[in-house]
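[1] 3D model of this:
(2 chains, ligands or ions: 2)
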Amino acid sequence: MAQHMNLTLKVWRQKNDKTKGQFVTIQANNIADDMSFLEMLDIVNEDLTRKGEDPVYFDHDCREGICGMCSLVINGRPHGPKYGITTCQLHMRSFHDGQTIVIEPWRAAAFPVLKDLAVDRTAFDRIQQAGGYVNVNTGGVPDANTIAIPKRIADEAFESATCIGCGACVAACKNASAMLFVSAKISQFALLPQGQTERYERAQAMVDQMDAEGFGNCTNTGACEAECPKGIKLTNIARMNREYLTAKFFREEDVHVQS
Amino acid sequence: MSNSKPVLSSSIGRKLIMSLTGIFLCTFLIVHLIGNLQLFKDDAGYAFNNYAYLMTHFAPIKVVSYLLYASIIIHAIYALVLTLKNRAARPIAYAQNGGKANSKWNSRNMGILGTVILVFLATHMNNFWWKYHNDQTPYIEYSKDLATGVVTSKEISASEFHDYQVTVVNNVEVTKARDLYKQVDFAFQNIGLVIFYVIAMIALAFHLIHGFQSAFQSLGFAHKKYVPLIKGLSVWLFGVIIPIGFALMPLYFYFVK
Ligand code: SF4
Ligand code: FES
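    Ligands and ions are numbered 1, 2, ... in the order given. Next up, the predicted model:
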């Protein structure tokens, strides 16, 4: 049998990125502990709608931890009090009856609030567009596994590629740095043979775009790694630094005088 | 993918500067500690004062010391620039902050720890470096019997001092030196200063436990075998041995001398 609970929510409400926001206290009653956090917000929103009030705006899509849309800071923690999951995977059994829950959006200059709890994460898209891709020739579909890749390297690239671009790393970082995200995207290609052509261009272009978007500078606190729902590791950031500095100082193209 | 910005105006370039200056300052601490262990010798500062002369007058060491001053300044300025930029990257703070669930306190407060260290450095340089370079220390004359190795000493006045000199007469080596040892002894009779030094060394410990290993991460160093080694050095050498070694100096002069 599901236990039910009554909760006090302190929700950040903000009309748009031009206006100032503030916390609004909302009561969430009769919430089953089997519900996900987003289902709880659905109930709250139904209540608000019935009362003729504006529902709380929040991002979500897949609700199974793969799309990276959900993005709530819950009691000071991106994606809530648990490790290794997204907000949509968080259940109400992680809370108790009578608890006050503070819900805030990702806070970063590069992620302006669209409305209430939803932020604009197109900065990530622009970073990806700057270099998070490989160029391939058109033509027949190549056979799978024609290029040999060491297992450990393939695994590592795969782990980097599991980043869902949610932005919890930015939200968790005291500097609002995007380095975990960017480093995962750079790593994924830097490790694989297919990514070699643009390898160093990519590192420079994506870091430049990251800086231009106004993200902060990493101080290696490790908060991003701890809060990342996909377990993206700090070694990615070390790799990004290596790729970038190599690009700047040792890149083969820059070794030779052009004639 | 176009060509990119100069390295030093990028986030990673700035981190490069922080890490290189930081590692350089860390290596200096090792040398500084080993040299200053001579303070614990009960020889009226004979070894220490000679060492102080060497450190301030030997040309290669002087070059390194200017690099050192530059590193301190650059490290502090870049820290300030980065801190301001990082503040700007989050204009609205969280109402509730769960930082302690995801990171260590010292890693989040490097700026505060660094500021304590900077204030300490200003005090420290003023107490010893400035006084040593501006004729504000007492002077001393050592007579070392070269046959027996026995050293005797007496305080001398500024007019008797002229300059650092070592002369040997009748198998007795006479050394006139600035008595920095005496200045150290004098300064550390002040309990307030002793407490401040110990607090600063605690701040240094926490700064370096994060800072030393963090510098290697910034340089892109990652290795399953060597990173644990670097983290071990961060904690045991830079977080324990070095700060305790330094903290023992004021405590020794206050309680033992
Ligand atoms: S690195 Fe982790 S926290 Fe950051 S965007 Fe990717 S999945 Fe989200
Ligand atoms: S809604 Fe897709 S990850 Fe949470």
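[2] For residue A:259, give me the pLDDT.
    Per-residue confidence (pLDDT) for residue A:259: 66.
[3] same deal with residue B:50?
    Confidence at residue B:50, expressed as pLDDT, is 95.
[4] next one: residue B:3
    Reading off the per-residue confidence, residue B:3 sits at a pLDDT of 60.
[5] what do you get for the one 4 residues further on?
    At residue B:7 the predicted local distance difference test score is 89.
[6] give me the low-pLDDT residue ranges for chain B?
    B:1-3 (pLDDT under 70).
[7] Would you map the strands across it?
    B:139-145, B:151-156, B:165-169, B:172-178 (DSSP state E).
[8] got the angle for the second one vs strand B:139-145?
    Relative orientation of strand B:151-156 with respect to strand B:139-145: 160 degrees, computed using axes from the mean of the first three to the mean of the last three Cα atoms, to 10 degrees.
[9] Can you tell me what sits against strand B:151-156?
    Outside strand B:151-156, the residues within contact range by Cβ atoms under 8 Å, 6 or more residues apart in numbering or on different chains are B:43-46, B:138-145, B:176, B:179, B:182. The way it works is simple: take the backbone N, C-alpha and C, and place the C-beta from them, glycine included.
[10] For chain B, which residue occupies the most central location?
    Chain B has residue B:29 as the residue nearest its centroid, 5.0 Å off, counting by Cα atoms, centre = their mean.
[11] Can you verify my assumption that that residue contacts residue B:239?
    No. Contact criterion Cβ atoms under 8 Å: residue B:29 and residue B:239 do not qualify, at 11.6 Å.
[12] do you know how far residue A:93 is from residue A:5?
    With distances taken as Cβ to Cβ, to the nearest Å, residue A:93 is found 9 Å from residue A:5.
[13] ok, the two, which is more surrounded?
    Counted by other Cβ atoms under 10 Å in any protein chain shown, residue A:93 and residue A:5 do not tie: residue A:5 has more neighbours, with 20 against 13.
[14] give me every residue that touches the more buried one.
    Residue A:5 makes contact with A:30, A:31, A:33, A:92, A:95, A:96, A:97, A:98, A:99, according to Cβ under 8 Å, 6+ apart.
[15] for residue B:86, same thing?
    A:174, A:175, A:176, A:177, A:216, A:217, A:219.
[16] swap in residue B:128?
    With contact set as Cβ under 8 Å, 6+ apart, residue B:128 has these partners: B:180, B:183, B:184, B:187.
[17] With residue A:37 instead?
    Neighbour list for residue A:37: A:72, A:74, A:80, A:87, A:88, A:90, A:91, A:92 [criterion: Cβ under 8 Å, 6+ apart].
[18] In CSV: these, plus secondary structure and neighbour count.
    Converted to CSV, these look like this (DSSP: H, G, I helix; E, B strand; the rest coil; neighbours: other Cβ atoms under 10 Å in any protein chain shown):
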residue, secondary structure, neighbour count
A:72, coil, 29
A:74, strand, 22
A:80, coil, 25
A:87, helix, 28
A:88, helix, 24
A:90, coil, 23
A:91, strand, 17
A:92, helix, 23
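[19] got these as TSV, with distance to residue B:67 and pLDDT columns?
    Shown next, in TSV, are the contacts of residue A:37 (distance: Cβ to Cβ, whole Å; pLDDT from 0 to 100):
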residue	distance to residue B:67	pLDDT
A:72	49	98
A:74	48	98
A:80	48	97
A:87	50	98
A:88	53	97
A:90	52	98
A:91	57	97
A:92	59	97
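[20] Of those, which are in range of ligand 2?
    The residues of those that also fall near ligand 2, by Cβ under 6 Å from any ligand atom, are A:87, A:88.
[21] Ligand 1: which of the contacts of residue A:37 is nearest?
    Nearest to ligand 1 out of these is residue A:87 (Cβ to the nearest ligand atom; 11.2 Å).
[22] Just say helix, strand or coil for the closest residue to the closest one other than its chain neighbours.
    Using Cβ to Cβ, 6 or more residues apart in numbering or on different chains and skipping residues adjacent in sequence, the residue nearest residue A:87 is residue A:70, 4.0 Å away. Classification of residue A:70 into helix, strand or coil gives coil, according to DSSP: H, G, I helix; E, B strand; the rest coil.
[23] List the residues that contact residue A:70.
    Residues in contact with residue A:70, defined by Cβ under 8 Å, 6+ apart, are A:38, A:58, A:59, A:60, A:61, A:63, A:79, A:86, A:87, A:88, A:166.
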